[in-house]
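# can you look at this prediction? I've put the sequence above it.
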Amino acid sequence: MTAEAIRVTGSDATGNTVLEVEIYGSTHVLDWPPGKKLLDVLLDAGIDAPYVCRESACATCMCSVQSGKTRMLMNESLIDSEVAEGFTLACQTLPESDRVHIFFDA
């Protein structure tokens, strides 16, 4: 399995979250606008993030929030204990703090 780590390093002057993405041995720095889902930020940047349905049903895009705060718009696949442990769905996740660390284990 390839591990993918995503770190948010702070917000920029536009209010976007600055997202540092380490995936498949490469590091990318991206803006994460408020209201834009994490998966969309990654895909728009050309990053091959794991996903299938984009509607919270399959959990293919499941990742864990290591630090910071995020919000899931919809959850139809994670159980309560997974959410309590910090797991989230990239296709439904928005930033809610200026610093967030998210980890994908794909």
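Perfect, thanks for sending it.
# all helices for the protein, in order.
Under the criterion DSSP state H, helices of the chain are mapped to 38-44, 80-84.
# okay, the ones you listed in CSV with distance to residue 30 and mean pLDDT next?
Every C-beta, even on glycine, is put in place using the N, C-alpha and C of the backbone. As requested, the helices of the chain are exported to CSV (distance: least, C-beta to C-beta, whole Å; pLDDT from 0 to 100):
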stretch, distance to residue 30, mean pLDDT
helix 38-44, 6, 95
helix 80-84, 25, 97
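# from those helices, which stretch is densest packed?
Most buried of the helices of the chain, by mean neighbour count (mean count of other C-beta atoms under 10 Å): helix 38-44, with a mean of 20.
# and the contacts of it?
6, 19, 21, 30-33, 49, 51, 54, 61, 63, 70, 90-91, 93-95, 102 (C-beta atoms under 8 Å, 6 or more residues apart in numbering).
# can you show me the CA trace of it as CSV?
Below are the C-alpha coordinates for helix 38-44, written out as CSV (Å, rounded to 0.1, in the frame of the first residue of the first chain):
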residue,chain,number,x,y,z
LEU,A,38,-11.0,18.2,-0.3
LEU,A,39,-11.3,15.7,-3.1
ASP,A,40,-12.2,18.4,-5.6
VAL,A,41,-9.1,20.4,-4.6
LEU,A,42,-6.9,17.4,-5.2
LEU,A,43,-8.5,16.4,-8.5
ASP,A,44,-8.4,19.9,-9.8
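# filter the contacts of helix 38-44 to the buried ones?
Among those, those buried by neighbour count (16 or more other C-beta atoms under 10 Å) are 6, 19, 21, 30, 32, 49, 51, 54, 61, 63, 70, 90-91, 93-95, 102.
# just the residues you listed: which are in strands?
Among the buried ones among the contacts of helix 38-44, DSSP state E puts 6, 19, 21, 30, 32, 63, 70, 93, 94, 95, 102 in strands.
# can I get the helices of the chain in JSON lines including distance to residue 15?
Shown next, in JSON lines, are the helices of the chain (distance: least, C-beta to C-beta, whole Å):
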{"stretch": "helix 38-44", "distance to residue 15": "14"}
{"stretch": "helix 80-84", "distance to residue 15": "27"}
